[in-house]
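S.K.: return atomic coordinates for the entry below.
(chains A, B, C and D)
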There are 2 protein chains.
Amino acid sequence: MSATAKKTKRTASRASRRQQLIDATMKCIARKGMSSTTLGDVAREAGLSQGIVNLHFESKENLLNETLRNIADDYKTQFNRALDKSGPDAANKLHALMELDLRPSILDRQKLAVWFAFWGEVKSRPRYREICKKSDEYYDEVVCTLCEEIIAAGHYKDVSPLAVATALTSMTNGLWLSYLISPKRFDRQIASNAVAEYLHSIFPKHFPL
Amino acid sequence: MSATAKKTKRTASRASRRQQLIDATMKCIARKGMSSTTLGDVAREAGLSQGIVNLHFESKENLLNETLRNIADDYKTQFNRALDKSGPDAANKLHALMELDLRPSILDRQKLAVWFAFWGEVKSRPRYREICKKSDEYYDEVVCTLCEEIIAAGHYKDVSPLAVATALTSMTNGLWLSYLISPKRFDRQIASNAVAEYLHSIFPKHFPL
DNA sequence: CAAAAATGAATGAGTATTCATTCAGATTAT
DNA sequence: ATAATCTGAATGAATACTCATTCATTTTTG
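M.R.: Got it, this is the predicted structure:
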């Protein structure tokens, strides 16, 4: 009841209003692109008034920073949930992480458009770079550790955990790009096979075909 | 003699002026980001006057389209040259293409910033998408064909050429992103190893360690 | 009613585009 | 050869417009 009551209220809690505006921002960036989304667009998308963003975020710069942080947090949550859900086995965990990046909740053109919009400005905005760097370091670290465990368990020779981790995270980012550019041509199954074949060829004992 | 004479001339040929403006645009995008480069910035960077871009390109939109086309052509030229230079052997050719993407002339933060700036707007600008799609299709096609040849020559089993091609092109795009975000942490050697290990594990006869 | 939230018109800084004017170099006439 | 004329590249001030931000007013909540 109190949950539904929120809808009728014309004034929302500070937190939910901010989230609503961040969601609207992502929709606008996906539809119009970063360089032509205006605060007016965001307000209209949210069904609110012109000045609303400045009221809740002080500035456009702030809104964009918070939007990036939000999408990064969202990914991190899913990442950690995937890790938790997949038991203690390192190969299992690694497989779960790779599959996650091809799930519809992640491999979603709207979200990808937002990621790429921020990556597109990473070189000129130190703040964006910081946020992205921090996330990337964390994921690389986790994936690298999983690779080390698998290498130790399988006595694999001539395999560098760092190189494998680099290859894996790069591959998923690159797959995202090809989906963004050519959604029609992209085939989830082929992408999944590409990852599976790679894992099989590097760690045959842990990833049978 | 006539080549150096160009420098002293105050009025340049239409083609060279356009190229000069495109170069200035790329510098501006790399330094300030797509969403805050103005035509004034571009003109200043080129050492020319305010109205110069409209004189040569009619509109900003046009300038940006031509800039993307230019950077895509530039890549294509290098791609084809790498193919030509590396003799008739498919494995040689494939190796040359992968190395190309890690060469300083390609793996260059300024150029990458421009690529990502355009990719960041790909979803909302059909024109950008067309240009990128066309290029990608060509590269995938070439890489896929090379993989088919290698598979046939080496009688490799359970390897899908399309999946390998997808993995390879995705991997280089992803490596570019990690270099863009964390240039310090990025290690060309590790990136090179990642690609080499992958090729070795898939096509061991053709890519010894 | 008082405080908090939201509105939306007004402001002003900036930006793409236009265009009358300048100017360098090529062409033509003397 | 020199001067006069032409051409179109380049300029940069003016124009028209967009957009982030402000704030006086209204609405909602407690």
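S.K.: for the closest residue to DNA strand C within chain A, list the residues it contacts.
M.R.: Closest contact between chain A and DNA strand C, by C-beta to the nearest atom of the strand, is at residue A:51 (2.3 Å). Every residue, glycine included, has its C-beta placed from N, CA and C. With contact taken as C-beta atoms under 8 Å, 6 or more residues apart in numbering or on different chains, residue A:51 is in contact with residue A:43.
S.K.: can you tell me how far it is from DNA strand D?
M.R.: From residue A:51 over to DNA strand D the distance is 3 Å, taken as C-beta to the nearest atom of the strand, to the nearest Å.
S.K.: what do you get for residue A:208?
M.R.: Looking at residue A:208 against DNA strand D, where the rule is C-beta to the nearest atom of the strand, the gap reads 53 Å.
S.K.: pretty sure that residue contacts residue A:201?
M.R.: No - taking contacts as C-beta atoms under 8 Å, residue A:208 lies outside contact range of residue A:201: 11.6 Å.
S.K.: of the two, give the one with the bigger neighbour count.
M.R.: The neighbour count for residue A:208 versus residue A:201, taken as other C-beta atoms under 10 Å in any protein chain shown, is higher for residue A:201 (22 against 9).
S.K.: and the single longest helix found in chain A with chain B, contact?
M.R.: Ordering each helix of chain A by length in residues (DSSP state H) puts helix A:126-154 first. Yes - among the residues of helix A:126-154, A:129, A:132-133, A:136-137 lie within reach of chain B under C-beta under 8 Å from any C-beta of the partner chain.
S.K.: next secondary structure after the worst-scoring helix or strand of chain A on mean pLDDT?
M.R.: Sorting the helices and strands of chain A by mean pLDDT, DSSP states H and E puts helix A:2-8 at the bottom, at a mean of 35. Next helix or strand after helix A:2-8 toward the C-terminus (DSSP states H and E): helix A:14-32.
S.K.: got the buried residues for the helix or strand just after that next one?
M.R.: Downstream of helix A:14-32, the next assigned helix or strand under DSSP H and E is helix A:39-46. For helix A:39-46, a neighbour-count test (16 or more other C-beta atoms under 10 Å in any protein chain shown) marks A:39, A:41-43, A:45-46 as buried.
S.K.: now distance to residue A:141 and pLDDT too, for the residues you listed, in a markdown table please.
M.R.: Shown next, in a markdown table, are these (distance: C-beta to C-beta, whole Å; pLDDT from 0 to 100):
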| residue | distance to residue A:141 | pLDDT |
| --- | --- | --- |
| A:39 | 37 | 97 |
| A:41 | 38 | 97 |
| A:42 | 35 | 97 |
| A:43 | 39 | 97 |
| A:45 | 36 | 97 |
| A:46 | 37 | 96 |
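S.K.: residue ranges with poor pLDDT in chain A?
M.R.: A:1-10 (pLDDT under 70).
S.K.: which helix or which strand is home to the residue most central in space within it?
M.R.: Nearest to the centroid of the C-alpha atoms of chain A, with distances taken as C-alpha atoms, centre = their mean, sits residue A:75, at 4.3 Å. Take DSSP H and E as the rule and residue A:75 turns out to sit in helix A:60-85.
S.K.: any bit of the helix or strand following that helix sitting next to chain B?
M.R.: Using DSSP H and E, the helix or strand that follows helix A:60-85 in sequence is helix A:90-100. No - Helix A:90-100 lies out of reach of chain B by C-beta under 8 Å from any C-beta, never closer than 11.7 Å.
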